[in-house]
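Enquirer: I'll drop the sequence and a predicted model, then ask my questions.
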Amino acid sequence: MKITIVGAGYVGLVSGACLADLGSAVCCVESNPKRLAALRRGVVPIYEPGLEEMVARNVAAGRLSFSGELAPEVPASDMVFLAVGTPTRAEDGETDLSYVHAAVGAIAEAAHDGLIIVTKSTVPVSTGSEIERNIRRLRPGLRFAVVSNPEFLREGTAIVDFMKPDRVVIGAEDDWAGDRVAMLYAPLAERGVPVIRTRRSSAEVIKYAANAFLAVKISFVNEMSDFCEATGADISEVAHAIGLDPRIGRQFLRPGPGYGGSCLPKDGRAILQSAAKRSVKLRVIAGAVAANEARKQAMAGRVAAALGGEPQGKRVAVLGLAFKPDTDDIRESPALALVPLLQKAGAAVAVFDPKGMEAAAAVLSGVEWSADAYACAEGADAVVLATEWPEFVELDFPRLAAAMRGRSFVDLRNAVPRERLAAAGLTRFGIGDSRPPAAT
Ligand code: UDX
C-alpha cells in the first residue's frame, strides 16, 4: 500500500515510521523546510525513544521518504493520512482546523477515484463529515472516502503504543474504505490486537472520550489526595487498594501537580466546546478540567509552605520542566505554571530538566538555568521535584542535601522513597500524605 502522511510532527512521524515498519511505502510531507531538511539528513527533530532508529531503518529499506510538497504525492497514493496540528485557537478556545482544511483543499485538487483520506489528527466530532462535504463540493463525482483512525500515542512510549496498542479504531461510513485501512493493521491483528470497526463519528468521539476519562481519573485522584491530607489518610495506600478493583483499575491513579502535555488538557477543553455547541452538559469533564487548572495553581502554595510560609528572598530549585519524563515536551507542563508563581511570590528560581531546557527557554524568564540537578540545588532553601525523571529518583541525596542551604524537599510526584530523603537529612513534603515530614 502506498501512503502519504501530511505533517511530519509527532503523530505523523511516529505513524509514518511505524506504518512503514509494518510494510507500507510511506512518504511524510513536511512543509517546514528546516524540519524537512533535518529529516532528510536522518535527524529526528523530536525526542522519542526508538524513533530515530526506526526512521533510519525504514529509510534505508526504501519504505520511508520525506517530501516538501503534497500534490505530487497524492496521485500515486492509496491513502492520505492527515497528521497536521489541531491546536486550540487563542481567540475563542475552539479547535483550529485551518491546517486540516488547507491540506484537504490540496488533496482534493490532486485526488483520484478510490482515494482514502484518513484523519489521524485529533479532530472534533463531525470533522470527517465536513471534510467529505468539502471534497464533494470541490470534486463532484469523485469516488473517495474519509475514514477516522485516531491515535492513542503516549509521548515517550509512542512506538510501543503504535506497535502493541490496546486497540486500533477504524471509523468508516464506507466498508470498502474501512476494509482497506484495516489491511494496514493486519500484522497487528494477527498478533491479537483488537481492531475495532465503528461509525466515523464514534471513532472521533472515542479519542476524546478516552482522554477525557483519563483526565477525570487524574483529577479524581488529585482531589482524593487533598482529602487524604485533611483526614490523616495516605493516598498511596488508598489508590493502591481502590485500584485493585478491576472496575476502577490501577493505572492513572498517581497523584501529582496536575496533568499536562499536548493532549489531555487540549482534548478536555475541546470536548467541552463540542458539547456546549450541542447544548449537552458534560459536568464531570468540566469538573475535571477546572480541578486540574486549580491544581496547577495550588502547587506554589505547597512550596511556600515548605519554605515556612515565606518565599520572599528564598531560593528554590525546580527539578523537571517536561510535562512527564522521557520527553522534551513542556506543553501545559505543571512546572511552567509553578515557576512564575514562585517568582511572583519573591523567590529566586533555578531550574533543570534533562531534555526540556531548550523548549522552556522560550517561555520562562528570569530563572537560573542549571547544568544538572546538583548545580540547581546549590544554595537552595527548597528543592521541588516537578517531573519524575528516573535520574531524579536515583540522585545522590546526601550530595544534593550538602549543596542546599535549607532542608526542604517537595516531592510533587511522590517519586522518591521517603527513607532515601530521610537518610540524607532532607525534610519531605509529599502529596496526599498527612504524616508529619520526617526530618532526621
Ligand atoms: C496522553 C494519552 O495517554 C494518550 O493515550 C493520548 O492519545 C495522548 O495523550 P501523553 O499526553 O503522552 O498521552 O501522556 P500521559 O502519559 O497520558 O500523561 C498525561 C499527563 O497526566 C502527564 O502530565 C502525567 O504526568 C499526568 N499523569 C498521568 C498523572 O498526573 N497521574 C497519572 O496517574 C498518570
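Expert: Thanks, I have the structure now.
Enquirer: wait, G171 touches S202, no?
Expert: Yes - if you go by C-beta atoms under 8 Å, G171 and S202 touch, sitting 5.7 Å apart. (Glycine included, C-beta is placed from N, CA and C.)
Enquirer: looking at those two, which is more packed in?
Expert: Per other C-beta atoms under 10 Å, whichever of G171 and S202 has more neighbours is G171, with 26 against 15.
Enquirer: where's the more buried one relative to R197, distance?
Expert: The gap separating G171 from R197 is 8 Å, by C-beta to C-beta, to the nearest Å.
Enquirer: now do the shared contacts for these two.
Expert: Common neighbours of G171 and R197, counting by C-beta atoms under 8 Å, 6 or more residues apart in numbering, are G178.
Enquirer: so A422 sits in a strand?
Expert: No - remark: A422 does not belong to a strand; assigned using DSSP: H, G, I helix; E, B strand; the rest coil, it is helix.
Enquirer: ok, now how distant is it from the ligand?
Expert: Applying C-beta to the nearest ligand atom, to the nearest Å, the value for A422 to the ligand is 25 Å.
Enquirer: where are the low-confidence patches of this protein?
Expert: Along the chain, segments meeting pLDDT under 70 span 436-440.
Enquirer: in what helix or strand does V349 lie?
Expert: Assigned by DSSP states H and E, V349 belongs to strand 348-352.
Enquirer: quick check: buried residues in the helix or strand that comes right after that strand?
Expert: As assigned by DSSP H and E, the chain's next helix or strand after strand 348-352 is helix 357-361. Buried residues in helix 357-361, defined by neighbour count with 16 or more other C-beta atoms under 10 Å: M357, A359, A360.
Enquirer: among these, which one lies nearest to I285?
Expert: Nearest to I285, judged by C-beta to C-beta, of the buried residues of helix 357-361 is A359 at 28.0 Å.
Enquirer: reformat the buried residues of helix 357-361 into a markdown table and put distance to S333 next to each item.
Expert: Listed next are the buried residues of helix 357-361 as a markdown table, based on distance: C-beta to C-beta, whole Å:
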| residue | distance to S333 |
| --- | --- |
| M357 | 12 |
| A359 | 9 |
| A360 | 8 |
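Enquirer: redo those residues as CSV? Include distance to the ligand.
Expert: Converted to CSV, the buried residues of helix 357-361 look like this (distance: C-beta to the nearest ligand atom, whole Å):
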residue, distance to the ligand
M357, 18
A359, 15
A360, 15
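Enquirer: what residues does this protein put near the ligand?
Expert: 152-155, 211, 214, 218, 252-254, 256, 259-261, 263-264, 323-324 (C-beta under 6 Å from any ligand atom).
Enquirer: re earlier: next one: the strand holding V349 to chain centre, how far?
Expert: In this view, strand 348-352 has its centroid 24 Å away from the chain centroid, taken as C-alpha atoms, centre = their mean, to the nearest Å.
Enquirer: counting contacts, what elements does it pack onto?
Expert: strand 315-319, helix 334-344, strand 368-369, helix 373-377 (3 or more C-beta pairs under 8 Å, 6 or more residues apart in numbering; DSSP states H and E).
Enquirer: out of these, flag the one nearest A306.
Expert: That would be strand 315-319 among those, by C-beta to C-beta, at 9.0 Å.
Enquirer: ok, and what's touching that closest one?
Expert: Looking at strand 315-319 with C-beta under 8 Å, 6+ apart, the contacting residues turn out to be 303, 307, 335, 338-339, 342, 347-353, 370, 373, 376-387, 389, 392, 404-405.
Enquirer: where helices are concerned, which of the residues of the chain next to the ligand count?
Expert: Cross-referencing the residues of the chain next to the ligand against helices under DSSP state H gives N211, L214, I218, L264.
Enquirer: so what's the second one up against?
Expert: Read that as L214. Taking C-beta under 8 Å, 6+ apart, one finds F252, Y259, L264 in contact with L214.
Enquirer: now render the helices and strands packed on strand 348-352 as CSV, adding mean neighbour count.
Expert: Converted to CSV, the helices and strands packed on strand 348-352 look like this (neighbours: other C-beta atoms under 10 Å):
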stretch, mean neighbour count
strand 315-319, 28
helix 334-344, 21
strand 368-369, 14
helix 373-377, 21
